[in-house]
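**Q** quick one: sequence plus predicted model below, questions after.
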Amino acid sequence: MNDLLSELERERRKLNELGQALIEQSIPLCSSKELQLQSRRVDELLIKLHHLISMEHNT
């Protein structure tokens, strides 16, 4: 689970940095395909983490 948490934190950091860069350039966040893809990666990792935690609580 530590690997998953590390990966999640790394991907969240990328998402935040990308979002900040877009804001600084006055580019709407909703217009960035790259930001949407990165957000999707973070969402997928969060789902994996949620499933992992759920499985641990059910055992």
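**A** Great, that's in hand. Numbers count the residues shown, from 1 in each chain.

**Q** neighbouring contacts of the top helix by length along the chain?
**A** Ranked by residue count, the top helix of the chain under DSSP state H comes out as helix 33-57. Residues from elsewhere that reach helix 33-57, judged by C-beta atoms under 8 Å, 6 or more residues apart in numbering: 1, 4-5, 7-8, 11-12, 14-15, 18-19, 22, 29. Quick note: C-beta positions are derived from backbone N, CA and C, even for glycine.

**Q** same deal with stretch 21-29?
**A** Against stretch 21-29 from outside (C-beta under 8 Å, 6+ apart): 19, 32, 35.

**Q** let me know the average pLDDT across it.
**A** For stretch 21-29, mean pLDDT rounds to 97.

**Q** about what we covered before: in ChimeraX, select just the buried ones from the contacts of helix 33-57.
**A** Restricted to buried positions by 16 or more other C-beta atoms under 10 Å, the ChimeraX selection for the contacts of helix 33-57 reads:
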select :8,11,12,15,18,19,22
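
**Q** I'd like the distance between the most centrally placed residue in the chain and residue 48.
**A** With distances taken as C-alpha atoms, centre = their mean, residue 42 lies nearest the centre of the chain, 2.1 Å away. Distance of residue 42 to residue 48, computed by C-beta to C-beta, to the nearest Å: 11 Å.
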